[in-house]
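S.K.: Fold the following and give me the result.
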Amino acid sequence: MANSGITKFQVQQARDSLLAKGQHPSIDAVRVALGNTGSKATIHRYLKELNEESASRLGKKAATSDAINHLVESLASQLQQEAQQVVDDYQARHTITYNELKSRIDQQAQQLMVATATIDQIQSQLSDSQQAYNALTLDHQALRIEAERLKQQLADKDIQLNDKEVHLRNLEEKYQHARDNLEHFRSSVKDQRDQEQRRHEHQIQQLQGELRLLNQTLSLKQTDITQLNKDNAQLTTQLADTRRELQQVEQRRQASERTAQETLTAMALLEQDNQRRKSTIEDLNRIVDELEAKLSDTTSSLVSVRTELTVKNQLFETLGQSLRPQ
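M.R.: Okay, here's the model as predicted:
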C-alpha cells in the first residue's frame, strides 16, 4: 500500500538527486527515488510547487522553462498512461488468444491421441491380415506345386500313351502288311496253281508251313494288340482320373486365388483408411503449427509495442533533459 506521508522537502531532494544524475525528474522517477512511497498526486503537487518556486526565482525565462518541463511531464505522463493502456489491451487480448489457442491445442491433442490409438488398432488389424495373407500365399504356392506335379504326371502319361499308340500303329501296319502279303501270295498261288501244281507241290507245302508260321505270328501279334488295348484302356482311365484330380486342384487354386484377392482388397481398404487418418493427423499438425505461428506473431507484436514504448520514453526523457534549465 502506497504511503502518502511524504514531505515537500523529500520530493525536492529526490528531484535534485535525479537532476544531478542527468535524469528527468518525472513523477514515476521521483516516486522510485523515494522508495516507491507517496501518491502520484502528492508528488505531482509538490513538483508543481517546486517548479513554480523555481520559476519565481529564475524569472520569466525560468518560468518558461518550467512551463515547458511541466508540459513535457504532462505529455510524458499522458503518453505513459496511454502506452500502459495499449500494453494492457495487448496483454488482455494476448491472454484471451493464448487461452483459446491452448484450449484448441488441448482438444486437438486429444483428437490426435484418439487418432493415434485408431491407427495402432488398424496397424494391428493390418498385421493380422498380412499374416493371414502370407499363410494363404504359402497354401497357394503348395497347391501350385501340387498342380505342377500332377501336370507333369499327366504329361508323362500322355507321352506313354502316345508311345503305346505309336507302337500299336506299328503293329497294325505290320499286321496289315502281313495280310497284304498273304493275300498277294494267295493270289499268286491261285494264278499259278494249275500250271505249277505238280512242279511246285513241295513249295506249296513249304508255303503252307510258312503260312502256319505267319498265322502263329499273327496270333501272337493279335495277343499283343489285345494287351496293348487293355493297357491303353488302363492308361485312358488313369488319364481321366488324373484330369479329374487336376481339375479339383485347379478349383482349389482358383478358390485360394479368390481368397487371396479378397484379402488384398481388404488390405487395400485398410490402407486407404490409414491414409485418410494420416491425412487428418497431418491437417491437425498443420493447424497446431498455424496456431503456434499466430501465438508467435502476437508475442512479437507485444514485444514491438513494448520496444516502441521504451523508445518513446527515452525520447521524452531526452527531450526533457534538453529542455531542462542549464
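S.K.: packing partners for the helix or strand where residue 264 lies?
M.R.: In the assignment (DSSP states H and E), residue 264 maps to helix 201-323. The contact analysis (3 or more CB pairs under 8 Å, 6 or more residues apart in numbering; DSSP states H and E) places helix 201-323 against helix 40-196. Placement of C-beta: from N, CA and C, glycine included.
S.K.: Which neighbouring elements make contact with the helix it packs on?
M.R.: The contact analysis (3+ CB pairs under 8 Å, 6+ apart) places helix 40-196 against helix 8-20, helix 27-33, helix 201-323.
S.K.: Quick check: closest non-adjacent residue to residue 94.
M.R.: Nearest residue to residue 94 in three dimensions, chain neighbours excluded: residue 298, at 5.4 Å (CB to CB, 6 or more residues apart in numbering).
S.K.: Burial check on that neighbour, number of neighbours?
M.R.: When neighbours are defined as other CB atoms under 10 Å, residue 298 has 16 of them.
S.K.: How about residue 300?
M.R.: A total of 10 residues lie near residue 300 under the criterion other CB under 10 Å.
S.K.: tell me the pLDDT at it?
M.R.: pLDDT for residue 300: 82.
S.K.: ditto for residue 145
M.R.: For residue 145, the pLDDT comes out at 92.
S.K.: And it, how close does it get to residue 155?
M.R.: To residue 155, residue 145 is 15 Å away according to CB to CB, to the nearest Å.
S.K.: now swap in residue 299 and tell me
M.R.: From residue 299 across to residue 155, the span is 81 Å (CB to CB).
S.K.: so which of the helices and strands packed on helix 40-196 is the most packed in?
M.R.: Ranked by mean neighbour count under mean count of other CB atoms under 10 Å, the helices and strands packed on helix 40-196 are led by helix 27-33, which reaches a mean of 19.
S.K.: Show me what that helix is packed against.
M.R.: Under the contact criterion of 3+ CB pairs under 8 Å, 6+ apart, helix 27-33 touches helix 8-20, helix 40-196.
S.K.: These: lowest mean pLDDT?
M.R.: Note on the helices and strands packed on helix 27-33: helix 40-196 shows the lowest mean pLDDT, a mean of 81.
S.K.: That helix to helix 8-20, inter-axis angle?
M.R.: 50 degrees (axes from the mean of the first three to the mean of the last three CA atoms, to 10 degrees).
S.K.: got the angle for helix 40-196 vs helix 201-323?
M.R.: Computed by the same axes, to 10 degrees, the angle separating helix 40-196 from helix 201-323 equals 170 degrees.
S.K.: Can you give the distance of helix 40-196 from its chain's centre?
M.R.: Relative to its chain's centre, helix 40-196 lies at 1 Å (CA atoms, centre = their mean, to the nearest Å).
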